[in-house]
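> Show me how the following folds:
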Amino acid sequence: MNKKMILLAGGMVGAAVFFGGCGTDPHRIDTSGNRGLTTVDDINFKDWQMTASKAINSLLASGVLSRQDGRKTILMISTVKNSTSQHINTKILTDKMRQAVLRSGKALTTTAISGSGAEDKATRQVRKLEDDDMFNQATVQKSGTAIAPDMSLAGEIIQQKTTLGRKSESYFFFHLTLTDLKTGLAVWEDNFEVAKQAKKPVFGW
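Next comes the predicted model:
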């Protein structure tokens, strides 16, 4: 083996060690910190957190959940449409918002109905026990007692991707609306934006 081949082989081994030895073991991170992964094409957990926080603050500050009769508004979660190129679960956003609304004490939320059907089917299932002699009928929930929602939360997430040379960019547009179900009118709307950029290296990935 000549000198050039020895140097080439040594370089290849060195490169393999360099690229193969830079990994890290899986580990947990603090979700309240900023050490999470940031990718251009995906909505990462910090994006969900920041968007949900802004949406919650905007909704609660608007005052639309307050009622003059003293009764708490009943809120249902309708459909948040995913119009991005990614497979994402929009419940990450709506669940955070619903929990914050409940904690605020300004409204209650229903799981008996949603944009995709009941989130908890038990409300309807238990009423089928009215004719079942196995159950004490005095303890069975009766038909006509469930409370219908007053308002509905819906929205859409849109993604726009741009590439220029080695730079890539994704722009995520969150549009949310709150509808008064009695009138069909939107009583609150807001938009929330997330934009991210990355630059590909000259060599590698």
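> Run through who's touching the one helix or strand residue 61 maps to.
Residue 61 is part of helix 45-62, with elements assigned from DSSP states H and E. The contact list for helix 45-62 (C-beta atoms under 8 Å, 6 or more residues apart in numbering) reads 31, 34, 36, 38, 65, 92-93, 96-97, 100-101, 104, 106, 172, 174, 176, 178, 188, 190, 192, 194. (Glycine included, C-beta is placed from N, CA and C.)
> How about residues contacting stretch 188-196?
Under C-beta under 8 Å, 6+ apart, the answer for stretch 188-196 is 38-40, 43, 47, 50-51, 54-55, 58-59, 62, 64, 169-178.
> follow-up on the earlier one: any idea of the angle the helix or strand following the helix holding residue 61 forms with helix 45-62?
As assigned by DSSP H and E, the chain's next helix or strand after helix 45-62 is strand 73-83. Interaxial angle, strand 73-83 versus helix 45-62 (axes from the mean of the first three to the mean of the last three C-alpha atoms, to 10 degrees): 140 degrees.
> what about strand 73-83, distance to the chain center?
Centroid separation between strand 73-83 and its chain, computed with C-alpha atoms, centre = their mean, to the nearest Å, is 11 Å.
> which strands and helices sit next to that strand?
Strand 73-83 is packed against helix 91-104, strand 107-109, strand 151-164, with contacts defined by 3 or more C-beta pairs under 8 Å, 6 or more residues apart in numbering; DSSP states H and E.
> Let me know which of these is tucked in deepest.
strand 107-109 (a mean of 19; mean count of other C-beta atoms under 10 Å).
> Before I go, just wanted to say thanks for your time.
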